[in-house]
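> have a look at this prediction, sequence included:
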Amino acid sequence: MIKNRGLKSCVIFFALLLFWSCASMPQPEEMKAQAAGYQLPKLPDEGKAIVYVVRPSTDYGFAILHVYIDNKEPASEIGNTKGGQYISFNITPGVHTILSKGENWSEINVSAKAGDIIFIKQETAMPILHGARNKLVSLQDYEGKYYLKTLSLNTVTYGNQYYGSKESVTQSAAPAIPKGGVASVAATVGASGAPAMSSENQNILGITVGPTDGVRGVRILTVAPGSACSNVLKPGDKIFVFDLMDPNGTRVGGAKVNANNFQEEAAKIQPGMTVQFLLDPRIFQTVNCTIPASVSNPAAGPAQSARPDIFIGTVTGGNFAKGFGFSNINIKLEVTDDKGFKDVFFVRSDSKVYDAGGNQIDYEKAHGTKGKKIEIEYFTITDATGGDPSRSDFAFEIGKKGARVLRLLE
């Protein structure tokens, strides 16, 4: 028996709250009936699956929940939601991790086949300090449609509705480059799906750019000596956002950019404007440069290597990458090129590794290459075998870069 009146009141209050919460949730039959015949706003693109992230609750509705794919890096953010909104995006077939960031991180794994429609719900809870806590929950088809029909699309996305591998970004939406056009990915695609850079890939900024390893931003490849921004931009920098100010300091434009929209957005930069670049969203690193009133497009720097599936650099980090079974070992290498750009590659048991003399060595010896210059011929991993067909526990590597051939150059 509860003797304390205050405690008794609290128990009754929370019991009623639980009852009201349960009572407000429709039964599956009702949800199925209301979802029947509902036409989705968008179906998967050919060869892709589509993910709908829905946020039906308006509790803590103004708190933004950020949605990421496969990792927590800024370049992997695909969009965000507020209460009563949803976002959708295509993914390549395979295993992916969907992450949601509010006051806490939540994540859920999905296994997608071409043509799949996947529904995920963001559930919100009271924050400890600020924003909103959140949890990702997988939904049945009828549940997803039931919620989706009442929600509005959050149109604040990051310009690219594809994710899963570099191929899915560059092949599906690489814009053509007009004569004398501004920076973009090239009009042709290499055998591996990575973009080949054009000598016409230039603009009023005097830079050439390529895609990052995520869906956001562009990576600077070259900066022309005559560029108005050569004192603040360098090869290897990543541009995620730029703002445009007129000579009076008034903002007159700007955009979040990626390899698909950079050409269009950079065309809006005019002589006399000041451009503020956001280079690193994590620490809000910004730099400014002013375009002279009499500027013309400076000559672009040299084009990138004609072999887009080759990466040359120095091993700057790495570790063993073990699957759940621990009977097969892959090597994860961080490699930094001469321009400061870092990329990650997985050396597997099906990789061919050669020493500086051209002799083939055991793939596991790639773990001892830190500080050495190497050349990697890479591919996009599409299986979970880790190079051993009897294994199936390296799903986290799907969509990452695998080393087909690794050569030590010194």
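Received it, and whenever you're ready, just let me know what you need. Residues are numbered from 1 along each chain as shown.

> show me where pLDDT drops low in this structure?
1-25, 75, 155-202, 213-215, 295-308, 322-327 (pLDDT under 70).

> let me see the ranges of the helices in it.
5-24, 28-35, 141-148, 166-173, 262-266 (DSSP state H).

> pull the longest strand from the chain.
Across the chain, the longest stretch assigned as strand under DSSP state E is strand 310-322.

> tell me what that one is packed against?
strand 329-336, strand 342-347, strand 373-380 (3 or more CB pairs under 8 Å, 6 or more residues apart in numbering; DSSP states H and E). All C-beta atoms are positioned from the backbone trio N, CA, C, and that covers glycine.

> and if we set it to 10 Å?
Contacts defined by 3 or more CB pairs under 10 Å, 6 or more residues apart in numbering; DSSP states H and E place strand 310-322 against strand 329-336, strand 342-347, strand 373-380, strand 401-408.

> and the first one, what does it pack onto?
Strand 329-336 is packed against strand 310-322, strand 342-347, strand 373-380, strand 401-408, with contacts defined by 3+ CB pairs under 10 Å, 6+ apart.

> relative to strand 342-347, how tilted is the last one?
This means strand 401-408. Here strand 401-408 points in a direction 90 degrees away from that of strand 342-347 (axes from the mean of the first three to the mean of the last three CA atoms, to 10 degrees).

> residues of strand 401-408 that come out buried?
Lys401, Gly402, Ala403, Arg404, Leu406, Arg407, Leu408 (16 or more other CB atoms under 10 Å).

> now do the first one
Buried residues in strand 310-322, defined by neighbour count with 16+ other CB under 10 Å: Phe311, Gly313, Thr314, Val315, Gly318, Ala321.

> report the contact partners of the fifth one.
When you say that, I think you mean Gly318. 331-335, 344-347, 366-370 (CB atoms under 10 Å, 6 or more residues apart in numbering).

> how much space between the residue lying closest to it once chain neighbours are set aside and Glu410?
Distances taken as CB to CB, 6 or more residues apart in numbering place Leu333 nearest to Gly318, at 4.2 Å, with adjacent residues excluded. Distance of Leu333 to Glu410, given as CB to CB, to the nearest Å: 15 Å.

> out of those two, which sits in the busier spot?
For Leu333 and Glu410, the more surrounded residue by other CB atoms under 10 Å is Leu333, and the numbers stand at 26 against 9.

> quick one: contacts for the closest residue to Lys256 other than its chain neighbours?
Leaving out its chain neighbours, the residue that sits closest to Lys256 by CB to CB, 6+ apart is Val241, at 5.1 Å. Val241 makes contact with 158, 216-217, 254-257, 265, 276-279, 281, 286 under the criterion CB under 10 Å, 6+ apart.

> out of those, which are buried?
Among the contacts of Val241, those classed as buried by 16+ other CB under 10 Å are Tyr158, Arg216, Gly217, Gly254, Ala255, Lys256, Val257, Glu265, Phe277, Leu278, Leu279, Pro281.

> ok, back up a step: from what I can see the residue nearest to Gly318 touches Arg348, true?
No: taking contacts as CB atoms under 10 Å, Leu333 lies outside contact range of Arg348: 11.3 Å.

> okay, now the domains of the protein?
Domain assignment for the chain by automatic domain parsing gives 24-163, 173-290, 310-408.

> tally of neighbours for Met129?
Not quite, residue 129 is Leu, not Met. There are 6 residues near Leu129, going by other CB under 10 Å.

> same check on Gly386?
Neighbours of Gly386 (other CB under 10 Å): 27.

> I figured it hits Ser392, correct?
Yes: contact criterion CB under 10 Å: Gly386 and Ser392 qualify, at 8.8 Å.

> what comes up buried for stretch 256-266?
Those would be Lys256, Val257, Asn258, Ala259, Asn260, Asn261, Phe262, Gln263, Glu265, Ala266, for stretch 256-266 by 16+ other CB under 10 Å.

> swap that for stretch 384-397, please
In stretch 384-397, counting by 16+ other CB under 10 Å, buried: Ala384, Thr385, Gly386, Gly387, Asp388, Arg391, Asp393, Phe394, Ala395, Phe396, Glu397.

> contacts for that stretch?
Residues outside stretch 384-397 that contact it (CB under 10 Å, 6+ apart): 70-71, 94-97, 109, 111, 321-330, 332, 346-351, 363, 381-383, 398, 400, 402.

> of those, which count as buried by neighbour count?
Neighbour counting by 16+ other CB under 10 Å classes 70, 94-97, 321, 323, 328-330, 332, 346-349, 351, 363, 381-383, 398, 400, 402 among these as buried.

> any idea how far Gly399 is from the residue nearest the centre of the chain?
Geometric centre of the chain, nearest residue: Ser76, 2.4 Å, by CA atoms, centre = their mean. Distance of Ser76 to Gly399, given as CB to CB: 11 Å.

> count the neighbours of Leu43 for me.
When neighbours are defined as other CB under 10 Å, Leu43 has 13 of them.

> which strand residues bridge the residue lying closest to it once chain neighbours are set aside?
Nearest non-adjacent residue to Leu43, counting by CB to CB, 6+ apart: Ile50, 6.7 Å away. In this entry, Ile50 is beta-bridged to Asn90, Ile117, by DSSP bridges.

> what's the closest non-adjacent residue to Gln140?
Phe119 (7.5 Å).
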